[in-house]
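With the sequence up front, the predicted model follows.
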Amino acid sequence: MTLIGWAQIALVFALIVICAYPLGLYIARVLAGDKVLLSPVLAPVERGLYSLAGIDPRQGMGWMGYAVALLLLNALHFLLLYAMLRLQFYLPFNPQGMVGMSPTLAFNTAMSFVTNTNWQAYAGEGALSYGSQMFGLTVHNFLSAATGIAAAAAVARAFAAGGVKELGNFWADLTRITLYLLLPLAIVVGAALLLMGVPMTLSAYVDATTLEGAKQTIALGPVAFQEAIKLLGTNGGGFFNANSAHPFENPNAISNVLEIFSLVVIPFSLPFFFGKIVGDLRQGVALFAVMAIFAVGFVAFAYAAEAANPLLTALGVDPSMGNMEGKEVRFGTAMSILFAVMTTGTSCGAVNMMHDSMMPLAGLVPLFQMQLGEVTPGGVGSGLYAMLVFALISVFVAGLMVGRTPEYLGKKIQAKEVKLAMLSVLILCLSILGGTAVSIVLPVATASLANAGPHGLSEMLYAYTSATANNGSAFAGLSADTPWLDITLALAMLFGRFAYLVPVLAIAGSLAAKPKLPPSAGSFPTHGPLFVGLMVGVIVIIGGLQFMPALSLGPLAEHVSMLANTTF
Amino acid sequence: MTAHLRPAIVLVLLFTLLLGGAVPLLFTSVAGVVVPFQAGGSLIERDGKVIGSALLGQNFTSEKYFQLRPSATTNPDPNDATKTVAAPYDASSSGASNLAPTSKALIDRVTEDVKKLGPAPVPADAVTTSASGLDPDISPANALRQVAGVAKARGLPEAKVRALVLANTQEPFLGLIGEARVNVLKLNLALDALPPG
């Protein structure tokens, strides 16, 4: 911990806060179909897509129609990626002659990208052709992100008016988000990364002769553009195995700041989008405040915990740089921790250091953030709708405390909504703890562990947590490409994304149809510090009750062992 | 459901062509013309031969060169595909040790390295592996500790080598963003370029 380190962290936070507000309002304009700066260029493309696909963007969809459209598009896109990965040897842009993936690995990878998880059971530079990266993964990065934002928009609209049946048009939402938000940002960020040294080429890997005369094969590829959308869409699937720790994905400290900024700016802007949609910006500010309180608190805790490893200090290692195992010199501890907390607070999962080598208590932070359901600030779109689920639970709890019918934004929250909200929460818990519990007693799964002792449990817990929360980062010592882990983790991703999303859309459908009541003297205001505090408490208590036992056996037990000089 | 089929199929295909084909290909061609050095991986040539990338570390073992951090990159074992063998700074196989702070393997490795590099305290980056296995940089403290050895192996005055280290030390941007670091490939190239003696 250094003063300079804290100053760097504060600076990046300031940058995010400044940009999130205008971006949120821009997203509201885009989704309303309003004219924006880029309309003269992009509106013809948008119209062309609609006419070829036979879409009437003004035709609204009920919650079921919206859900079916969303699921259908994603199912088709899943199948396309699966086929591409299996057949990549026969497809173009494959200068290294990469062979097709095994069925289980292709299943896992296709599920991983369609659910915005981007868990990587393969090493990019050793397993994927340039064609698969571009036509497969890059496109999934865009569309899974747009899917999340579209779903969040549908949910937001449910609170905007009373007595409506329709939540918007999925095709139009998806297209507008992709064209007016993600594509322009990806081009700008990609160009900036390119200038700093992120490659963008289709030429084959280069053989260099090192100064000492040895051969070094340098993996290259069309990285810069995919790198940009990987972060902006909170996807997180690296072009290379080492992800954003690889110098070709993240060459220096400035690119690192740009990457951190890119991966949180949209999630942090969406509360303002929500405020705009419901016509009360204070509501958005309250949600933003809850996200920010968690983000700042977790960064501070993790940075304090990521001090030098006392076991190494005892051997004569200088503690001043902090814990450098699994970190890059150009980032140092402060900017590695900030990246780690932001990437797991969103559903991004890109990494610029190896989380497996984090100090035990610092490593607890990524785990716990994902287990809270990715709301700090959460993935693009998914963060907002998960946050709204917690808002509903919070008004319900508040209602129980004061004995009134709970309301949120003038909508009565009744048994049906609360049941569906709790269903969403419990699906995550079941998938994370259930998956870990089964795998930790199966030799076929534990054979994949790289570390022994409590850290081994953390590795397994991290895998099911990351998959279910659609994060995609890993305690990467785990050898994840085995049939058991490929298939069960893919199912965890599927549950975490779509089994969560469908109940949420159902809540939206139910709320949209209700009348919007004017606030009365009995309404509990949902924009003040009291509500912010209540929501923070509800999120911590729900997350803590579910996961503290598992976290005690993993990171906490490891911390205590470390203090007692025990190694495994 | 069937009404949704056409929009779903058409959008998936058109977006694949647009976002996976047209835009990245255009991006690549423009990049190759405007910034060919960066687009091509910042490759450094000496005497017409590619000797590495300015952004990537490479394996140095000779006493005449400054040493990078330990690297955890591996290759499949040619004798047993289920195992791996160490292949430091393999730029086609990035990766990390992923050892936990309480790992016996980590403690053993660092004990060994500290013994080699002593006396304590040893800079942390000198005995820890990076996240990519390709970290091109070391800390200034680590570089300065190596000055005496390199100067001796090359028969150069220490002051000259130290000056070269300082000239190749990159400070944080505006004194704030990032960490001070020394790019070892560039430093070693500068060493090779010095007139002998």
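Cool, the structure landed.

Flag the shaky bits of chain B, pLDDT-wise.
Low-confidence segments of chain B, defined by pLDDT under 70: B:1, B:196-197.

Tell me, domain by domain, which residues of it belong where.
Following automatic domain parsing, one finds the domains of chain B at B:2-40, B:41-68+B:136-197, B:71-133.

Identify whichever of those lies nearest to A:Ala228.
With C-beta to C-beta, the closest approach to A:Ala228 among the domains of chain B belongs to domain B:2-40: 9.8 Å. Just so you know, the C-beta spots here come from the backbone N, C-alpha and C atoms, and that holds for glycine as well.

Okay, A:Gly168 and A:Ser431: tell me how far apart.
28 Å (C-beta to C-beta, to the nearest Å).

Mind checking which of those two has more residues around it?
A:Ser431 (25 against 20; other C-beta atoms under 10 Å in any protein chain shown).

pretty sure the more buried one is touching A:Ala492, no?
Yes: here A:Ser431 lies in contact with A:Ala492, judged by C-beta atoms under 8 Å, at a distance of 4.9 Å.

Now do the shared contacts for those two.
By C-beta atoms under 8 Å, 6 or more residues apart in numbering or on different chains, A:Ser431 and A:Ala492 have these common neighbours: A:Tyr464, A:Ala467, A:Thr468.

Tell me which of those fall in helices.
Residues of these located in helices (DSSP state H): A:Tyr464, A:Ala467, A:Thr468.

Skipping its backbone neighbours, what lies nearest the first one in space?
Meaning A:Tyr464. Excluding the flanking residues, the one nearest A:Tyr464 by C-beta to C-beta, 6 or more residues apart in numbering or on different chains is A:Gly435, at 3.7 Å.

check which helix or strand covers the one you found.
If you go by DSSP states H and E, A:Gly435 is part of helix A:435-440.

List the contacts of the one residue in chain B that gets nearest to chain A.
Per C-beta to the nearest C-beta, B:Gly178 is where chain B lies closest to chain A, at 2.4 Å. B:Gly178 is in contact with A:Asn252, A:Ala253, A:Ile254, A:Asn256, A:Arg330, A:Phe331, A:Gly332, A:Met335, B:Pro172, counting by C-beta under 8 Å, 6+ apart.

Now do the phi/psi pair for B:Ala81.
For B:Ala81, the backbone dihedrals (degrees, to the nearest 10) come out as phi -60, psi -20.

Give me the neighbour count for it.
The burial count for B:Ala81: 8, using other C-beta under 10 Å.

where's it relative to B:Val147, distance?
Separation of B:Ala81 from B:Val147 (C-beta to C-beta): 43 Å.

Repeat that for B:Ser42.
Taking C-beta to C-beta as the measure, B:Ser42 falls 26 Å from B:Val147.

can you check A:Val278 too?
Between A:Val278 and B:Val147 the computed distance is 63 Å (C-beta to C-beta).

how about the helices in the stretch 1-150 of chain A?
A:3-31, A:39-53, A:63-87, A:103-114, A:124-127, A:130-131, A:139-160 (DSSP state H, counting those that start in this stretch).

Can the fourth one be said to contact chain B?
Yep, that's helix A:103-114 we're talking about. No: contact of helix A:103-114 with chain B (C-beta under 8 Å from any C-beta of the partner chain) is absent, the minimum separation being 10.9 Å.

Next, the buried residues of that helix.
Across helix A:103-114, burial judged by 16 or more other C-beta atoms under 10 Å in any protein chain shown covers A:Thr104, A:Leu105, A:Ala106, A:Phe107, A:Asn108, A:Thr109, A:Ala110, A:Met111, A:Ser112, A:Phe113, A:Val114.

In the stretch 201-350 of chain A, which residue sits closest to chain B?
Closest approach between the stretch 201-350 of chain A and chain B, counting by C-beta to the nearest C-beta: A:Ala253, at 2.4 Å.

Give me the nearest residue to that residue, chain neighbours excluded.
In space, A:Ala253 is closest to B:Gly178, 2.4 Å off (C-beta to C-beta, 6+ apart).

Any idea how many residues pack against residue 170?
No chain was given, so I picked chain A. 28.

Chain B was what I was after
Residues lying near B:Gln170 (other C-beta under 10 Å) number 17.

Next, the spatially closest residue to it that is not a sequence neighbour: phi, psi?
Among residues not flanking B:Gln170 along the chain, B:Arg181 sits closest, at 5.5 Å (C-beta to C-beta, 6+ apart). With angles defined as degrees, to the nearest 10, B:Arg181 sits at phi -160, psi 160.

can you list the residues of the stretch 351-500 of chain A near chain B?
A:351-354, A:356-360, A:450-455, A:475-477.

For chain B, just list every one of the strands.
Under the criterion DSSP state E, chain B carries strands at the ranges B:43-46, B:49-53, B:74-77, B:80-86, B:137-138, B:169-170, B:181-183.

name the element the spatially closest residue to A:Ile9 that is not a sequence neighbour belongs to?
Spatial nearest neighbour of A:Ile9, excluding adjacent residues (C-beta to C-beta, 6+ apart): A:Leu338 at 5.2 Å. Following DSSP H and E, the helix or strand that holds A:Leu338 is helix A:332-345.

immediately after that helix, which helix or strand?
Moving toward the C-terminus from helix A:332-345, the first helix or strand encountered (DSSP H and E) is helix A:360-371.

what's the angle from the helix or strand just after that next one to helix A:139-160?
Downstream of helix A:360-371, the next assigned helix or strand under DSSP H and E is helix A:382-402. Helix A:382-402 and helix A:139-160 meet at an angle of 30 degrees, taking axes from the mean of the first three to the mean of the last three C-alpha atoms, to 10 degrees as the criterion.

Within its sheet, name the partner strands of the helix or strand just after helix A:382-402 and how each one runs.
Using DSSP H and E, the helix or strand that follows helix A:382-402 towards the C-terminus is strand A:407-408. Note on strand A:407-408: by DSSP bridges, its sheet partners are strand A:411-412 (antiparallel).

before we move on, back to that, which phi and psi does the residue nearest to A:Ala253 have?
When read as degrees, to the nearest 10, the backbone of B:Gly178 gives phi 90, psi -170.

now it: how far from A:Glu558?
Counting by C-beta to C-beta - B:Gly178 and A:Glu558 are separated by 30 Å.

now swap in A:Val536 and tell me
Taking C-beta to C-beta as the measure, A:Val536 falls 27 Å from A:Glu558.

of those two, who's got more company?
Applying other C-beta under 10 Å to A:Val536 and A:Glu558 shows that A:Glu558 carries more neighbours, namely 27 against 18.

Which strands and helices lie in contact with the one helix or strand the more buried one maps to?
According to DSSP H and E, A:Glu558 maps onto helix A:557-563. Under the contact definition 3 or more C-beta pairs under 8 Å, 6 or more residues apart in numbering or on different chains; DSSP states H and E, helix A:557-563 sits against helix A:310-313, helix A:360-371, helix A:454-468.

And the contacts of that helix?
By C-beta under 8 Å, 6+ apart, helix A:557-563 touches A:309-311, A:359-361, A:453-455, A:458, A:567-568, B:100-102.

Would you mind writing the CA trace of it as PDB?
Extracted in PDB, the C-alpha atoms of helix A:557-563 (Å, rounded to 0.1, in the frame of the first residue of the first chain):
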ATOM      1  CA  ALA A 557      -9.000 -20.800   6.700                       C
ATOM      2  CA  GLU A 558      -6.100 -20.200   4.300                       C
ATOM      3  CA  HIS A 559      -5.400 -16.800   5.900                       C
ATOM      4  CA  VAL A 560      -5.300 -18.300   9.400                       C
ATOM      5  CA  SER A 561      -3.100 -21.100   8.200                       C
ATOM      6  CA  MET A 562      -0.700 -18.600   6.600                       C
ATOM      7  CA  LEU A 563      -0.500 -16.700   9.800                       C
END
